[in-house]
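>>> Give me the fold of what follows.
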Amino acid sequence: MGLESDFSKNNLDFLRLIFAAIVVLFHVSRLTHITAYATLGAFMSGAYAVKSFFIISGMLIYRSYLKSPSLASYLEKRARRIYPAYFTVVVLTTFVLFPLSILPASQYFVLGLWKSLAANLVFLNPSRSLPGVFTTSGNIAVNGALWTLRVEILFYILVPLIAYLCQRFGTKTVLVTLFFLSTLWRIVFASLALAHPSSRLYLDLQQELPGQLIYFIAGIVLLFYFDELKLHFSAIIGVTCCSFLADHFFLKGSIDVLWISGIVFFFGFWRYLGRFTKYGDFSYGIYIVHFPLIQAMIALGLAKQGPAIFLLVTWACILVVAFLMWHLVEKRFLAKSSHYRQMQTAAS
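Numbering: from 1, shown residues only. As a prediction, this is how the structure comes out:
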């Protein structure tokens, strides 16, 4: 299994940055509705990028658990990595976006706002909007990307249980069973969504934890068979291309987990590009700050200045905020054993 030292020579941090950029471009297209961005929406799939994130998480988080000396150590590392930045973004957007609200302070800072804030801080995300904010745009969501973090957190919690079940009943049996149940969940709610096209309930349920588990499990499978898979990159890219074409033209997303896993493994391990994040890991910051920044730029009228100016200014703001988020928040809370701290120490 991929616990040996050469597993650390991967490009997964670089891939996460690429996928985060894809999500940004996808949301730029969807939120602005600018014709010039139509190509971005056609070729940049936020859904596939998110699924890739889940596969990478399956590899890295399960490996992190197996290498952790205790359950407490594992949970502490996960909390340190994901929660400080999440807390900062949720709290800051609540207050910083108040000037963009059409409501006065007396109607903005009401009990419902504080209840929503408290719920968001524990990943419940009951409301993706703020009182009177972005009401003139076609989408009032403040941060429509945060739902994936709720799923990610639940993955973290499930990992110790999955590891226990693997030891108790056998790894293959457990992983195949979970994969099957997750697939069944997706099929059932996809069918219900087709039968009730006027309701989004079934589509929303389809993308919750059970439906996304197949991608996390796929990542765990890549980890367990790492030693064997790294000997067959030619076969992997061949299967990846064939499954992508079959899925795109005939199966309509039914086997996307196969070719997405192939892309992640091939480009993650085929050629080592070096310590890409030795100066910082900005992919998480980009992911959690981009949506409200895009929405704010639209509300401020920047989209009217032209597609090139909008994209340039928005990207500049996203990168600056992600940079500050890493250096002022994320890095400060990392455990000393974090490989990001170790890489930066080596770089210095």
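
>>> Packing partners of the helix or strand where residue 161 lies?
Assigned by DSSP states H and E, residue 161 belongs to helix 147-169. Secondary-structure packing of helix 147-169 (3 or more C-beta pairs under 8 Å, 6 or more residues apart in numbering; DSSP states H and E): helix 46-67, helix 71-96, helix 171-195, helix 209-224. All C-beta spots, glycine's among them, are computed from the backbone N, C-alpha and C.

>>> Give the next helix or strand downstream of the third one.
Spelled out, it's helix 171-195. Sequence-wise, the next helix or strand downstream of helix 171-195 (DSSP H and E) is helix 201-206.

>>> Check the longest one too.
Scanning the chain past helix 71-96 towards its C-terminal end, the next helix or strand to appear is helix 105-108 (assignment: DSSP H and E).

>>> Residue ranges in this protein under the pLDDT threshold?
Along the chain, the model assigns pLDDT under 70 to residues 1-6, 41-42, 126-127, 337, 339-348.

>>> picking that back up, Throw the helices and strands packed on helix 147-169 into CSV and include mean neighbour count, thanks.
Supplementary listing: those in CSV, determined by neighbours: other C-beta atoms under 10 Å:
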stretch, mean neighbour count
helix 46-67, 21
helix 71-96, 17
helix 171-195, 15
helix 209-224, 23
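
>>> Kindly reformat the ones you listed as JSON lines containing distance to residue 318.
Shown next, in JSON lines, are the helices and strands packed on helix 147-169 (distance: least, C-beta to C-beta, whole Å):
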{"stretch": "helix 46-67", "distance to residue 318": "15"}
{"stretch": "helix 71-96", "distance to residue 318": "12"}
{"stretch": "helix 171-195", "distance to residue 318": "31"}
{"stretch": "helix 209-224", "distance to residue 318": "25"}
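
>>> What are the contacting residues of the helix holding residue 161?
With C-beta atoms under 8 Å, 6 or more residues apart in numbering as the test, helix 147-169 has contacts from 50, 53-54, 57-58, 61-62, 65-66, 71, 74-75, 78, 82, 86, 123-125, 128, 174-175, 178, 207-209, 212-213, 216, 220, 288.

>>> and if you look at stretch 244-251?
253, 254, 255, 256, 258, 259.

>>> rerun at 10 Å
Stretch 244-251 is contacted by residues 243, 253, 254, 255, 256, 257, 258, 259, 260, 262, 263 when judged by C-beta atoms under 10 Å, 6 or more residues apart in numbering.

>>> Need those residues in a markdown table (columns: neighbour count, secondary structure and distance to residue 38).
Formatted as a markdown table, the contacts of stretch 244-251 follow (neighbours: other C-beta atoms under 10 Å; DSSP: H, G, I helix; E, B strand; the rest coil; distance: C-beta to C-beta, whole Å):
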| residue | neighbour count | secondary structure | distance to residue 38 |
| --- | --- | --- | --- |
| 243 | 19 | helix | 27 |
| 253 | 12 | coil | 21 |
| 254 | 14 | coil | 26 |
| 255 | 14 | coil | 27 |
| 256 | 20 | helix | 23 |
| 257 | 23 | helix | 28 |
| 258 | 17 | helix | 29 |
| 259 | 20 | helix | 25 |
| 260 | 22 | helix | 24 |
| 262 | 24 | helix | 28 |
| 263 | 18 | helix | 24 |
